[in-house]
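Peer 1: Attaching a predicted model along with its sequence, questions to come.
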Amino acid sequence: MHSSEWQKSSFSEANNNCVEMRAIDGVIELRESDEGDVIVRTTAPNFAAFLQGAKAGEFDRLITDTVQ
């Protein structure tokens, strides 16, 4: 992703209950759609490592049964 536009996952609900992300100048930014003034920034390699861990299920224990 190489855009300054915020993007949310197609798995997100339509009611702004999601995490959005964008890439600006090699930095990945993430925010909650309902808390847009709080932005977390990380590097592309760090975000890629996080995504790899998420895809491998390393964080599944953090998700409750109500979120599927």
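Peer 2: Alright, I've got the coordinates. Note that the structure is a prediction, hence the values are computed from the model and not measured.
Peer 1: For the protein, which segments count as helices?
Peer 2: 44-55 (DSSP state H).
Peer 1: any idea where the strands of it begin and end?
Peer 2: For the chain, the strands defined by DSSP state E occupy 7-8, 19-24, 27-32, 35-43.
Peer 1: So in that sheet, which strands flank the second one, and in what orientation?
Peer 2: Looking back up the chat, that one is strand 19-24. Neighbouring strands of strand 19-24 in its sheet, by DSSP bridges, are strand 7-8 (antiparallel), strand 27-32 (antiparallel).
Peer 1: what mean pLDDT does the first one have?
Peer 2: If you average the pLDDT over strand 7-8, you get 88.
Peer 1: Contacts for that strand, please.
Peer 2: Residues outside strand 7-8 that contact it (C-beta atoms under 8 Å, 6 or more residues apart in numbering): Met1, Cys18, Val19, Glu20, Met21, Arg22, Ser33. For glycine as for every other residue, the C-beta is placed from the backbone atoms N, C-alpha and C.
Peer 1: who's the third one bridged to?
Peer 2: Taking DSSP bridges as the rule, Val19 bridges to Glu32.
Peer 1: and it, what is it in contact with?
Peer 2: Lys8, Ser9, Ser12, Leu30, Arg31, Glu32, Ser33.
Peer 1: most neighbours, which of those?
Peer 2: Counting neighbours by other C-beta atoms under 10 Å, the top entry in those is Arg31, with 19 neighbours.
Peer 1: pLDDT value on it, please?
Peer 2: In this model, Arg31 is scored at 92, pLDDT.
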